[in-house]
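Participant: curious how this folds, go ahead:
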Amino acid sequence: MYRDESRDESRDESHTELHDFGREHEMGEDTLLMSSGKTPKGFKIFSKGYCMSKDCMHDLITWDNVKLLTCFLVTIVATISFSAVNEMPEQNHLAALSASGYWEESLRNVRSDLVGFSLSVRTDQSHYNYSNYNVNVGVYATNMKTGLWQQLGTWDATKQVHARSHVNHMMDLQLEDWSDFDNWTVRITTNETQSIGIEFLALSLDYNARYQVLFASLILITMYILIILEWLHSTLAAMVAAFIALATYAQLYTRPTLTAIVMRIDFETLGLLFGMMILVGIFSSTGFFEYVSVKTYKLAKGNLWYLACALCALTAVLSALLDNVTTILLLGPITIKLCKVLDLPPKTLLLAEVIFSNIGGGLTVIGNPPNIIIANNRAVQEAGVTFGNFMLHMFPPLLLTATFAYLYLWKYHKKDLFREPNLGLVTDIMAWKRTLALFTSHGPMGEASVREALEEHVMALQDDLNNSTSQLNTISELESRYTIRDYTLFLMSSIVLLGVIAMFFFHSTIHVSLAWIALAGAMMLIILAGLQDVDEVLTKVEWGTLIFFSALFILIETLSDLGLIEWLALKTTDFIYNVPAVGVGRLAAACTLIIWVSAFASAFLDALPSTTTLLPIIVELSHSSGLPLRPLIWSLALGVCLGGNATIIGAPVNVVGVGMLEQAGFLTSFGDFFRFGAPITVVSLVISTVYILFCVLGGWW
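Facilitator: Below you'll find the predicted structure:
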């Protein structure tokens, strides 16, 4: 006897209502609690007539309330610390500089003997030469005891500006008493006979700026503690950490403007996500994803393992041709619908696709954002890195990594690929139990009655599960049930989506960003579909994911400004310089360290800022030490690509995939993702290290 379809439809409606309840509950449960007669947690202290009995006090002093109060106090302190500092100037100073002159800037509001510099240099490419072009920055002041003009310190910025378009630097003058000096001035000189353009800003820093890397590390560790121990939702944890980081930066340097803060957000990524979410959301309402899910299952002849292997391979190939974020935005909804149609828990399958999207995206220079950054670097291009040889060197280690990933999934996660005829009912029970845990038995009368009603509801659902005689639908029954519902909308959506995908393939040729293509496609589909209700369109956007990305971008860029990533990179290069330059020993050590350090930075600090910071330092290392650049670039590309598989925030595609699972009602914690991805990451890094060392020893780079 197969399950009754009317009951299944009723269960789907119940699951939809539950999913909506869960989303509201996790993002802001106050409205729901008020409607049920329960006072919201954040307002219990101020509720009128709140009972102050012993039981009520016991209910008031809870871990949830302690977390709320702590976050509230931290936010207040961060707000005061951020607001108490003067705002940074709107823009840096611009000037033309040559050997015939110099450029000076007065240093105002001197707070210590620490001076921070922000320097960008632009030259005429026709006479650009590493050997005859230098830039020096000196700090001068008047000694009030002697009345003499004195040079306090100098910084040779030549290597940094050759390797990077923009340089941040902190100079420690180490004066016995900086207050003995007045009329502080910063002077920039060069030996370049032709004019070069500079953009420059000098700031007097707080004494505690010496410990900025320590502060940045503590902020990052705090965020990970909040996420790993699940004390706060990951989005809220990133927002709190970003706010603390901005307050710390303001105290050590100066308060950035709102424009400067907003510019730390990668709007290309957000625009791509926003546009694709709308496109896929409208397309999914046609029933196409369910239809494709059934056909895919039929093609796999009902074998879930074959189905998983095919989807992972398709994900890797599309990620190499498009990019991994776009691929998951396209295939993720299909996977979620497929799992819903087949009564298959989606977590294992979607996480596997995320892992393979990172592996496949690392194959080409257009497969993921870090590779694009690497390929567009002028020094990398001059070293002879092309689309072809990049793919040639990435293919062997990534193929071996994909092979191991398949073996790992077959060994440890094949058992998770099973069809559960009562999956919707089981999901309902789990979600209602999470809700029930938030209601205490010794609270106010209204709260106790709600808890009693929830307990009865959970027991009723459990009885339904125990007495259920539902069985799995056959392929023929699935085919008859899941068909395309709206052919007109399907046709319009298909045309727009295929056009968008085609534009993605040629975006580098037509010089239009992926974000603009996705947003233009979304707008055209909204118009063609005749959607007049803006709220209906916006419901298709995963706002929690976008907010998390925004907070994470601000946090990581601020930590980068505090020198955390650069400190890690410089320690790595210092270690490399200490390796004797005998044979290929230094090159082998450099490649090995770059793979593992970049993987660590990518896993815990995000791949984009890690690549942006490490790449120019690696270029500088190559020029100063004489090491060939290409094997160092292969090492960096493999490290940031594969390191992103370790944690949720290791790559943007990880956040997107986990957000989709959460939208479907399947919560994925930091630990869940780490246990799934970390073993694959470690083995893949070992494979990459062995491959690179083999190339170094053989001279094949």
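Participant: shaky segments in the stretch 401-550 of the chain?
Facilitator: Counting by pLDDT under 70, the stretch 401-550 of the chain shows low-confidence ranges at 418-451, 461, 463-475, 508.
Participant: nearest residue to P346 other than its sequence neighbours?
Facilitator: Using C-beta to C-beta, 6 or more residues apart in numbering and skipping the chain neighbours, the partner closest in space to P346 is C339 (3.7 Å). Placement of C-beta: from N, CA and C, glycine included.
Participant: so that neighbour makes contact with P345?
Facilitator: Yes - contact criterion C-beta atoms under 8 Å: C339 and P345 qualify, at 6.7 Å.
Participant: returning to what we had before: after the helix or strand where the residue nearest to P346 lies comes which helix or strand?
Facilitator: Secondary structure from DSSP states H and E places C339 in helix 324-341. Where DSSP H and E defines the elements, the next helix or strand beyond helix 324-341 is helix 347-361.
Participant: from the chain's centroid, how far away is the following helix or strand past that following helix?
Facilitator: Moving toward the C-terminus from helix 347-361, the next helix or strand (DSSP H and E) is helix 369-375. Relative to the chain's own centre, helix 369-375 is displaced by 15 Å; criterion: C-alpha atoms, centre = their mean, to the nearest Å.
Participant: also stretch 406-415?
Facilitator: So, by C-alpha atoms, centre = their mean, the centroid of stretch 406-415 is 27 Å from its chain's centroid.
Participant: just to revisit the earlier point, tell me the contacts of the residue nearest to P346?
Facilitator: 345-346, 349-350 (C-beta atoms under 8 Å, 6 or more residues apart in numbering).
Participant: mind giving me the ChimeraX command for buried ones among those?
Facilitator: Burial among the contacts of C339 is assessed by 16 or more other C-beta atoms under 10 Å; the matching ChimeraX selection reads:
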select :345,346,349,350
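Participant: which one of the contacts of C339 is nearest V161?
Facilitator: L350 (44.6 Å; C-beta to C-beta).
Participant: contact partners for the closest one?
Facilitator: L350 neighbours (C-beta under 8 Å, 6+ apart): 332, 335-336, 339, 657, 660-661.
Participant: report the helix or strand with the lowest average pLDDT across this structure.
Facilitator: helix 30-35 (a mean of 39; mean pLDDT, DSSP states H and E).
Participant: got the residue ranges for the helices in the stretch 501-650 of the chain?
Facilitator: Using DSSP state H, counting those that start in this stretch, the helices of the stretch 501-650 of the chain run over 507-510, 514-529, 534-538, 543-561, 564-577, 585-605, 607-625, 629-643.
Participant: out of these, which comes closest to N109?
Facilitator: helix 543-561 (19.2 Å).
Participant: ok, T483 - contacts?
Facilitator: 287, 291.
Participant: surely T327 touches L311?
Facilitator: No - counting by C-beta under 8 Å, T327 sits too far from L311 to count as a contact (11.1 Å).
Participant: who has more neighbours, the two?
Facilitator: Higher neighbour count among T327 and L311: T327, with 27 against 21, using other C-beta atoms under 10 Å.
Participant: show me what contacts V292?
Facilitator: Each residue near V292 by C-beta under 8 Å, 6+ apart is listed here: 334, 337-338.
Participant: could you do S195 as well?
Facilitator: 96-98.
Participant: export these as JSON lines, with columns for neighbour count and distance to Y487.
Facilitator: Formatted as JSON lines, the contacts of S195 follow (neighbours: other C-beta atoms under 10 Å; distance: C-beta to C-beta, whole Å):
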{"residue": "A96", "neighbour count": "11", "distance to Y487": "64"}
{"residue": "L97", "neighbour count": "19", "distance to Y487": "66"}
{"residue": "S98", "neighbour count": "15", "distance to Y487": "68"}
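Participant: between those, which sits nearest R255?
Facilitator: Among the contacts of S195, L97 lies closest to R255 (C-beta to C-beta), at 28.9 Å.
Participant: and the closest one, what are its bridge partners?
Facilitator: For L97, the beta-bridge partners under DSSP bridges are I196.
Participant: pLDDT wise, what is it at?
Facilitator: pLDDT, L97: 84.
Participant: pLDDT below threshold where in the stretch 51-200 of the chain?
Facilitator: 51-61, 88-92, 123-132, 162-165.
Participant: which residue ranges of it form strands?
Facilitator: With strands called from DSSP state E, counting those that start in this stretch, the stretch 51-200 of the chain shows them at 93-97, 103-106, 114-122, 135-143, 149-156, 166-172, 181-190, 196-204.
Participant: adding distance to A379, write the ones you listed out as a markdown table.
Facilitator: Listed next are the strands of the stretch 51-200 of the chain as a markdown table, based on distance: least, C-beta to C-beta, whole Å:
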| stretch | distance to A379 |
| --- | --- |
| strand 93-97 | 22 |
| strand 103-106 | 26 |
| strand 114-122 | 15 |
| strand 135-143 | 17 |
| strand 149-156 | 19 |
| strand 166-172 | 15 |
| strand 181-190 | 20 |
| strand 196-204 | 18 |
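Participant: I'd like to know which of those strands is closest to G275.
Facilitator: strand 166-172 (29.1 Å).
Participant: give me the contacts around the closest one.
Facilitator: 113-120, 137, 139, 153, 155, 157, 160-161, 205, 209-210, 212, 561, 563, 566.
Participant: just checking: what are the partner strands of it?
Facilitator: Checking strand 166-172 against DSSP bridges gives partners strand 114-122 (antiparallel).
Participant: count of neighbours near the closest residue to V167 other than its chain neighbours?
Facilitator: Nearest residue to V167 in three dimensions, chain neighbours excluded: Q160, at 4.3 Å (C-beta to C-beta, 6+ apart). Applying other C-beta under 10 Å, we find 19 residues neighbouring Q160.
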